[in-house]
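Participant: here you go, sequence then predicted model.
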Amino acid sequence: MSLTLIKNAKIVNEGEIIEGDVLIDGEYIIDIDSSISSKSADTTVIDAEGKYLIPGAIDDQVHFREPGLTHKATIESESKAAIAGGITSFIEMPNTVPQATTQKLLEVKFDIAANSSYANYSFMFGGTNDNLEELLKTNPKNVAGIKLFLGSSTGDMLVDNEKVLEKIFSSTKMLIAVHCEDETTIKKNLDTYLKEYGEDIPIELHSKIRSEEACYISSSKAIALAKKTGARLHVFHLSTAKETELFSNKLPVEQKQITAEVCVHHLWFDESDYKTKGTLIKWNPAIKTEKDKEGLWKALLNDKIDVIASDHAPHTLEEKKQVYTKAPSGGPLVQHALPALLQAHRQGKISIEKIVEKMCHNPAKIFKIEKRGFIKIGYYADLVLVDISSPWTVTKKNILYKCGWSPFEGTTFYSKITHTFVNGHLAYHNGIFHNTIKGKRLLFNRTNE
């Protein structure tokens with residue numbers, strides 16, 4: 001096996017930063033110490049002096065658009081962008097074409113990723129109003145979870161039958177991840193503005209259409225149902241301060257039955273950015289007020305929110321530049337999510353240890369992912385070296401998404417990912433990809449599901 005020795009790094013793991021070395025043998029970390037000497041003449045030595053070594057980030061919510069929407073993105077293109085951004089594992093959503101709502105269609109996506117993903121991967125099974133029997137066949141050991149859209153988004157997977165919803169919640173012990181927006185509220189708000197503006201509704205009204213009320217109604221219903229049925233619930237992309245009141249920080253994350261996620265864009269942007277960014281920052285749920293953004297930060301730091309993700313959801317620029325009612329929601333983020341959080345660290349909003357907890361440790365704990373998310377002996381060597389004093393500006397030339405644009409264009413980040421290891425393989429180094437597919441299917445330590 002090939003040996004790689006990372007020396008003199010600031011190792012960030014489990015709330016501590018220690019200076020030291022990490023030795024990789026093949027796919028695994030085999031030693032961590034204050035000083036490790038080179039074991040053999042053919043050991044590759046990387047001097048990480050001054051850099052932080054963190055576990056590869058685990059993004060629990062992405063849309064990589066394959067199969068069926070590959071004009072926007074592919075698993076290959078977006079997984080490359082992910083590793084350049086320090087994300088070494090991803091969990092992808094079921095609203096592709098066709099939708100991953102049968103076991104056979106789900107496995108098609110795993111087959112594509114096995115041949116083309118630079119990062120480690122899993123996919124969620126999509127629940128609908130009429131596929132419970134198929135849903136219950138999902139293997140908890142090698143599938144991340146069940147995804148339910150409780151508000152319509154890209155694709156048509158809305159689960160709006162309350163009896164079906166309760167049946168799903170009470171029938172599976174697998175993690176159920178939900179998109180929470182109340183469809184009735186959204187339709188009512190949209191109708192009001194359509195009457196006033198027609199199709200060309202000002203983008204600033206997106207957060208009034210997909211409102212705080214729409215989010216809170218849906219989130220609170222899902223949580224009440226989870227408490228009633230004992231379901232394991234994970235609420236995706238919180239966007240309002242009010243919703244954070246529904247969550248608790250009384251238990252360690254691995255003991256929680258109900259967990260929450262926030263996405264980078266809801267921590268970075270607020271309503272004032274619609275003036276300059278327009279439909280490029282049209283997401284579901286919507287970017288909301290500065291007060292909401294502050295509330296999300298507070299809940300993240302006090303552990304009511306457990307995970308930071310990207311909700312990477314690319315569309316072409318042509319699609320995004322249509323009038324409000326036709327411009328799809330979503331934007332590309334995997335390459336810039338970690339640099340944006342490290343920028344927030346530079347601004348004094350969050351510690352590097354906390355970033356690692358929310359982007360690496362907690363996704364691994366919540367999904368019970370085997371041997372990932374930490375820098376530990378015996379774990380897979382999914383590792384990222386970060387230089388926090390290396391400014392660079394996001395431009396068309398350095399964007400790696402297939403769609404070719406980013407809501408962060410023109411932004412200068414002060415932290416740069418210099419090396420990304422995936423299963424011990426140096427997959428990315430200072431802008432250069434080592435084009436060997438090394439991503440593996442994520443496996444899960446679940447004994448009672």
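Facilitator: Arrived safely, thanks for sending.

Participant: which stretches in the stretch 51-200 of the chain count as helices?
Facilitator: Secondary structure of the stretch 51-200 of the chain by DSSP state H, counting those that start in this stretch: the helices cover 75-84, 103-116, 132-135, 162-171, 183-197.

Participant: show me what whatever helix or strand comes next after the last one is packed up against.
Facilitator: The one in question is helix 183-197. Sequence order places helix 206-209 as the next helix or strand after helix 183-197, per DSSP states H and E. Under the contact criterion of 3 or more CB pairs under 8 Å, 6 or more residues apart in numbering; DSSP states H and E, helix 206-209 touches helix 183-197. All C-beta spots, glycine's among them, are computed from the backbone N, C-alpha and C.

Participant: list the buried residues for the helix it packs on?
Facilitator: For helix 183-197, the buried set under the neighbour-count rule, 16 or more other CB atoms under 10 Å, comprises 183, 185, 186, 189, 190, 193.

Participant: and what of stretch 398-418?
Facilitator: Quick answer for stretch 398-418 (16+ other CB under 10 Å): 399-403, 405-408, 411, 413-418.

Participant: ok, so of those residues, who is nearest residue 91?
Facilitator: When the buried residues of stretch 398-418 are compared for distance to residue 91 (CB to CB), residue 401 comes out closest, at 18.3 Å.

Participant: so which of the helices of the stretch 51-200 of the chain gets nearest residue 338?
Facilitator: helix 75-84 (9.7 Å).

Participant: who's in contact with that closest one?
Facilitator: 59, 62, 64-66, 88, 90, 92, 109, 112-113, 116-119, 121, 312, 314, 332, 334-335, 400-402, 417, 420, 422, 427-428, 431, 433, 439 (CB atoms under 8 Å, 6 or more residues apart in numbering).

Participant: now with 6 Å, please.
Facilitator: 64, 66, 90, 112-113, 116-119, 334-335, 400-402, 420, 427-428 (CB atoms under 6 Å, 6 or more residues apart in numbering).

Participant: go on, stretch 296-310?
Facilitator: With CB under 6 Å, 6+ apart as the test, stretch 296-310 has contacts from 59-61, 244, 247, 249, 253, 259-264, 266, 333-334, 337, 358-359, 362-363.

Participant: of these, just the buried ones, PyMOL syntax please.
Facilitator: In PyMOL, this line selects whichever of the contacts of stretch 296-310 come out buried by 16+ other CB under 10 Å:
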select buried, resi 59+60+61+244+247+253+259+260+261+262+263+264+266+333+334+337+358+359+362+363
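
Participant: tell me which of the contacts of stretch 296-310 fall in strands.
Facilitator: If you go by DSSP state E, those have 59, 60, 61, 259, 260, 261, 262, 263 in strands.

Participant: want to throw those residues into CSV with distance to residue 212 and pLDDT?
Facilitator: CSV is the format used below for these (distance: CB to CB, whole Å; pLDDT from 0 to 100):
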residue, distance to residue 212, pLDDT
59, 26, 98
60, 24, 98
61, 21, 98
259, 21, 98
260, 16, 98
261, 18, 98
262, 15, 98
263, 16, 98
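
Participant: for those, which one is nearest residue 218?
Facilitator: Taking CB to CB as the measure, residue 218 lies nearest residue 260 of the ones in strands among the contacts of stretch 296-310, at 13.4 Å.

Participant: the closest one pairs with what?
Facilitator: Beta-bridge pairing of residue 260 under DSSP bridges involves residue 235.

Participant: any idea how far residue 357 is from it?
Facilitator: Distance, residue 260 to residue 357, using CB to CB, to the nearest Å: 14 Å.

Participant: could you do residue 377 as well?
Facilitator: 20 Å.

Participant: same question, residue 62
Facilitator: For residue 62, the distance to residue 357 - CB to CB - is 20 Å.

Participant: more crowded one of the two?
Facilitator: When neighbours are counted by other CB atoms under 10 Å, residue 62 and residue 357 differ, and residue 62 comes out ahead with 29 against 23.

Participant: which non-adjacent residue is nearest the more buried one?
Facilitator: Using CB to CB, 6 or more residues apart in numbering and skipping residues adjacent in sequence, the residue nearest residue 62 is residue 312, 4.3 Å away.

Participant: what is the neighbour count of that neighbour?
Facilitator: Applying other CB under 10 Å, we find 31 residues neighbouring residue 312.

Participant: quick one: it and residue 334 touch, right?
Facilitator: Yes: if you go by CB atoms under 6 Å, residue 312 and residue 334 touch, sitting 4.4 Å apart.

Participant: determine which two of the buried residues of stretch 398-418 are furthest apart.
Facilitator: 402 and 414 (26.7 Å).

Participant: show me where pLDDT drops low in the stretch 301-449 of the chain?
Facilitator: Scanning the stretch 301-449 of the chain for pLDDT under 70 picks out the ranges 448-449.

Participant: now tell me what touches stretch 29-49 from outside.
Facilitator: For stretch 29-49, contacts defined as CB under 6 Å, 6+ apart pick out 3-9, 20-23, 377, 379, 381, 385.

Participant: repeat that for stretch 240-249.
Facilitator: 212, 215-216, 219-220, 223, 260, 288, 292, 295, 299, 302-304.

Participant: turn these into CSV, including distance to residue 278.
Facilitator: Shown next, in CSV, are the contacts of stretch 240-249 (distance: CB to CB, whole Å):
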residue, distance to residue 278
212, 22
215, 22
216, 26
219, 27
220, 31
223, 33
260, 29
288, 16
292, 19
295, 25
299, 28
302, 33
303, 34
304, 31
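
Participant: where does the stretch 51-200 of the chain have low pLDDT?
Facilitator: 151-156.
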